[in-house]
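Participant: Quick check, what structure comes out for this input:
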Amino acid sequence: MTKPILTKLKYCLVSIFRGISQVILQKNALSGFLFLLGVALNSAAMALGVILGVTTATICASILNYPVKQIEDGLFGYNGALIGVVIFLLYAPSLMTVLLIVGGSALTVLIMRFMMLHFVLPPYAAPYILVIWAIWILALTLDVVPTATFENENTSTWGIFEGIGQIIFQNNAITGICFLIGIFISNKSHAFWGIIGGLLATLLAMFLALSPTLILAGLFGYNASLSAIALSNGSKQWLAPLTGSVLTVPIAMAFMSADIIVLTSPFVIASWIILLIQRKLTLTH
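Facilitator: Modelled structure (predicted):
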């Protein structure tokens, strides 16, 4: 009797921590633990948000009898984790924000499953982005209190590491180092591309004379890091991850100019564009 319980507990924990690791495109429970630790070092509230979101999403996927392998790989959990961290980034903790995390995380599971079945491109973080945009638009009608500021303007010369930290919306170089160690443990190539992508986007932002405050806070680097990691998968070519990284900067600028909350939409859009170009070139040849 004890063994089945321990097996289920192990499956649950692995699914949850892999779900957290999938936020940075990894499938490694230890990496997920390090990512959670990195968030906790910067914000206990956001770490709790991550746990609530990923757990809700994982349980929801299990209740809906979605593929066990996909649940265990964390593919239904990471959007929930992002819902949890972003809700507590945007709004002060309250009963309403907890309900938004639970409801939003559950909704990402349904969107994720739909995109997996009907979308030709990887969903990436699109489910949580759509849910957060909807909450952001409806926020004025909800009983939520915005946090003092969305974009932390504390800066340092550790912009590259802070850019890695911003992948899970943490403006903290130590957190970024925790994330980088977690990526390195899971996939050394991804750690390399994460640094290269972030560095390239940061240099481009400096060349374009964009806000030094935003650059040093890593707000142009994190989408580039994600895009470089995503586009380096299964390919020995360097052009796709480099191009994807560069493309995230003008996309982020466009969202900022339109006063739309950026999140990781530049990563998703840039990666989709590159993948569509690759598909077209493959079909042409």
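Participant: which residue sits closest to Val131, ignoring its sequence neighbours?
Facilitator: Gly104 (4.7 Å; CB to CB, 6 or more residues apart in numbering). (C-beta placed from N, C-alpha, C; glycine too.)
Participant: Tell me which helix or strand the one you found sits in.
Facilitator: Secondary structure assignment for Gly104, by DSSP states H and E: helix 95-118.
Participant: Show me which positions of that helix end up buried.
Facilitator: For helix 95-118, a neighbour-count test (16 or more other CB atoms under 10 Å) marks 97-98, 100-102, 104-109, 111-113, 115-116 as buried.
Participant: Over to stretch 225-244?
Facilitator: By 16+ other CB under 10 Å, the buried positions in stretch 225-244 come out as 225-232, 240-244.
Participant: same deal with stretch 193-203?
Facilitator: 193-202.
Participant: and if you look at stretch 200-214?
Facilitator: 200-202, 204-205, 210, 214.
Participant: same thing with stretch 19-31?
Facilitator: Residues of stretch 19-31 classed as buried: 19-29, 31 (neighbour count, 16+ other CB under 10 Å).
Participant: Output the residues you listed as a markdown table; include the columns secondary structure and distance to Ala252.
Facilitator: Converted to a markdown table, the buried residues of stretch 19-31 look like this (DSSP: H, G, I helix; E, B strand; the rest coil; distance: CB to CB, whole Å):
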| residue | secondary structure | distance to Ala252 |
| --- | --- | --- |
| Gly19 | helix | 26 |
| Ile20 | helix | 24 |
| Ser21 | helix | 24 |
| Gln22 | helix | 22 |
| Val23 | helix | 18 |
| Ile24 | helix | 18 |
| Leu25 | coil | 19 |
| Gln26 | coil | 23 |
| Lys27 | coil | 27 |
| Asn28 | coil | 28 |
| Ala29 | helix | 31 |
| Ser31 | helix | 25 |
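Participant: Looking at these, which one is closest to Thr284?
Facilitator: Closest approach to Thr284 among the buried residues of stretch 19-31 (CB to CB): Leu25, at 28.0 Å.
Participant: quick one: contacts for the nearest residue to that closest one once chain neighbours are set aside?
Facilitator: Closest residue in space to Leu25, ignoring its immediate chain neighbours: Ile229 at 5.1 Å, by CB to CB, 6+ apart. Contact analysis of Ile229 by CB atoms under 8 Å, 6 or more residues apart in numbering lists 24-25, 183, 190, 193-194, 197, 241.
Participant: from those residues, which is closest to Met256?
Facilitator: Nearest to Met256 among these, counting by CB to CB, is Gly197 at 19.0 Å.
Participant: And Pro146, its phi and psi?
Facilitator: Dihedral pair for Pro146: phi -60, psi 150, per degrees, to the nearest 10.
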